[in-house]
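Student: Mind folding the following:
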Amino acid sequence: MKTRKPAKLDLLALADWPARRIERTIALGFEVKAHPERYRKAMDGRTLIMIFEKPSLRTRVSFETGVTQLGGHAIYYDMSTSPLAAGKESVADMAATLSRYVDVIMARLFDHAVIVELARHATVPVINGLTDFAHPTQALADFMTIREKKGGWKGLRLAYFGDSRNNMTHSLLSGCARLGMHMTVACPPDDAFRPDPRVLRQAQRFATRTGARIEVTDKAARAARGADVVYTDSWMSYHIPAEQREARLRALAPYQVNADLMRRAKPDAIFMNCLHRRAAIRRLRPGRKPPAHSQGHPVDGAGAGMRAKRVEPRRADRFFPARLRAAEKNGEISRAPSPARAHFPNLGSASGHFFQAL
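Tutor: Residues are numbered from 1 along each chain as shown. Predicted structure coming up:
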């Protein structure tokens, strides 16, 4: 009697996954993190191909390290050298070919439509490592971090600041609504900076079932008031033309996350950034003034106001892990905890679920 092969499981956008699957995947991530020795052969004899059209440090290193620690093998493939990029091969051809060689496909691309087509033609699981529309693996890592730091999601509120027509806002909106976590988006009123209306409507539909509140405002202070999680992202993503830089900085300056904004959040609020930078999240020694430019990094939503603030030891707990506190007290520059710094256990939650389902 033939055994029926289960349908493949893709991760293209968090909106595609029900809450139960998100919760189970994150629970698996905690299990892998707590007992890595039990999963050292989870991908034994399996191969992941990582297709990169869009450059990355953290995505490549986290996926490749994760697969290696699970006992598998990862192949890095640069799209700039691909027959697909040269117009010699279709997405369908590429999907069919790869499906005969590898067990899982991860792709980090610009156009979301391409990964949707790739998944449609592939017979193996496809993971979205990032597109301009969605970044589900990062969002899963973020929700794992929130649960680890805050104990859960239900009833908490995440406040997101800055450019909101992007992959992170879309993925966080879907995830918050699915998990019953309130979310307030603070961004300029211009439609160019607001979440995609389709994503917003969908998130609000999900929220009616879970009790989550999904809001968009152009008032940064209002969004920050009483927030449990304060989140921001880069103001200049890869796909944004350089000539838009100055106009974007002017429009987004009121939505910079700095010390004044953090004071409006709850005392135990946590700060998150999917691409943390040492320069953007740090504290200067007493007596030093912030630079005239308002940002810690010219294209980052975390700013100089935060790093120039003199933080008393108890308040420092909000930004710095215990193991760095001694260095922080000595006046050394320390980094805030970030999902990206622990990407393997977090992304292992997503990828491990796929790999074991094969």
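Student: in what helix or strand does Gly129 lie?
Tutor: Taking DSSP states H and E as the definition, Gly129 sits inside strand 126-130.
Student: Send me that strand as CSV with only the CA atoms.
Tutor: Listed next in CSV are the C-alpha coordinates belonging to strand 126-130 (Å, rounded to 0.1, in the frame of the first residue of the first chain):
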residue,chain,number,x,y,z
VAL,A,126,9.7,27.3,-0.1
ILE,A,127,10.7,29.8,2.6
ASN,A,128,10.5,33.6,2.0
GLY,A,129,13.8,35.0,3.3
LEU,A,130,12.5,38.4,2.4
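Student: how about the helix or strand following it: buried residues?
Tutor: Taking DSSP H and E as the definition, the helix or strand that follows strand 126-130 towards the C-terminus is helix 136-150. Neighbour-count burial for helix 136-150, with 16 or more other C-beta atoms under 10 Å as criterion, is recorded at 136-148. No exception for glycine: its C-beta is placed from N, CA and C like everyone else's.
Student: Give me the contacts around the helix or strand that helix 136-150 is followed by.
Tutor: Per DSSP H and E, the first helix or strand lying C-terminal to helix 136-150 is strand 157-161. With contact meaning C-beta atoms under 8 Å, 6 or more residues apart in numbering, strand 157-161 is reached by 146, 168-169, 172, 176, 181-187, 213, 220, 223-224, 226-232, 255-257, 261, 265, 301.
Student: Poorly predicted segments of the stretch 151-300 of the chain, please.
Tutor: Residues of the stretch 151-300 of the chain meeting the criterion pLDDT under 70: 238-239, 276-300.
Student: follow-up on the earlier one: what residues of the strand holding Gly129 count as buried?
Tutor: For strand 126-130, the buried set under the neighbour-count rule, 16+ other C-beta under 10 Å, comprises Val126, Ile127, Asn128, Gly129, Leu130.
Student: likewise stretch 99-115?
Tutor: The neighbour-count check on stretch 99-115 (16+ other C-beta under 10 Å) flags 99, 102-110, 112, 114-115 as buried.
Student: now, which of those residues lie within strands?
Tutor: Using DSSP state E, the members of these that fall within strands are Val104, Ile105, Met106, Ala107, Arg108.
Student: now those as JSON lines including distance to Arg194 and pLDDT?
Tutor: Formatted as JSON lines, these follow (distance: C-beta to C-beta, whole Å; pLDDT from 0 to 100):
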{"residue": "Val104", "distance to Arg194": "34", "pLDDT": "98"}
{"residue": "Ile105", "distance to Arg194": "32", "pLDDT": "98"}
{"residue": "Met106", "distance to Arg194": "29", "pLDDT": "98"}
{"residue": "Ala107", "distance to Arg194": "27", "pLDDT": "97"}
{"residue": "Arg108", "distance to Arg194": "25", "pLDDT": "97"}
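Student: In JSON lines: those residues, plus distance to Asp163.
Tutor: As requested, those are arranged in JSON lines below (distance: C-beta to C-beta, whole Å):
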{"residue": "Val104", "distance to Asp163": "31"}
{"residue": "Ile105", "distance to Asp163": "29"}
{"residue": "Met106", "distance to Asp163": "25"}
{"residue": "Ala107", "distance to Asp163": "23"}
{"residue": "Arg108", "distance to Asp163": "20"}
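Student: how close does Val257 get to Ala159?
Tutor: Between Val257 and Ala159 the distance, using C-beta to C-beta, to the nearest Å, works out to 9 Å.
Student: Tell me the residues that contact both of the two, please.
Tutor: Here Val257 and Ala159 share the contacting residues Val230, scored by C-beta under 8 Å, 6+ apart.
Student: shouldn't Ala221 be in contact with Asn258?
Tutor: No - between Ala221 and Asn258 no contact is recorded; they are 11.7 Å apart, counting by C-beta atoms under 8 Å.
Student: With neighbour numbers in mind, choose between those two.
Tutor: Of the pair Ala221 and Asn258, Asn258 is the one with more neighbours under other C-beta atoms under 10 Å, namely 20 against 12.
Student: Now do the more buried one against Met79, distance only.
Tutor: In this structure, Asn258 and Met79 are separated by 37 Å, where distance is defined by C-beta to C-beta.
Student: ditto for Arg165
Tutor: Counting by C-beta to C-beta - Arg165 and Met79 are separated by 24 Å.
Student: Okay, helices next: where are they in the stretch 51-200 of the chain?
Tutor: Residue ranges of the helices in the stretch 51-200 of the chain, as given by DSSP state H, counting those that start in this stretch, are 58-69, 91-101, 112-121, 136-150, 167-179, 197-210.
Student: And those: which comes nearest Ala19?
Tutor: Ranking the helices of the stretch 51-200 of the chain by their distance to Ala19 (criterion: C-beta to C-beta) puts helix 167-179 first, at 4.5 Å.
Student: Using PDB, write down the CA coordinates of the closest one.
Tutor: In PDB, the C-alpha atoms belonging to helix 167-179 read as follows (Å, rounded to 0.1, in the frame of the first residue of the first chain):
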ATOM      1  CA  ASN A 167       7.800  44.100   4.500                       C
ATOM      2  CA  MET A 168       8.300  44.300   8.300                       C
ATOM      3  CA  THR A 169       5.200  46.400   9.000                       C
ATOM      4  CA  HIS A 170       3.100  44.000   6.800                       C
ATOM      5  CA  SER A 171       4.500  40.900   8.500                       C
ATOM      6  CA  LEU A 172       4.100  42.400  12.000                       C
ATOM      7  CA  LEU A 173       0.500  43.500  11.300                       C
ATOM      8  CA  SER A 174      -0.400  40.000  10.200                       C
ATOM      9  CA  GLY A 175       1.300  38.300  13.100                       C
ATOM     10  CA  CYS A 176       0.000  40.600  15.800                       C
ATOM     11  CA  ALA A 177      -3.600  40.300  14.500                       C
ATOM     12  CA  ARG A 178      -3.300  36.500  14.300                       C
ATOM     13  CA  LEU A 179      -1.800  36.200  17.800                       C
END
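Student: Good, wrapping up.
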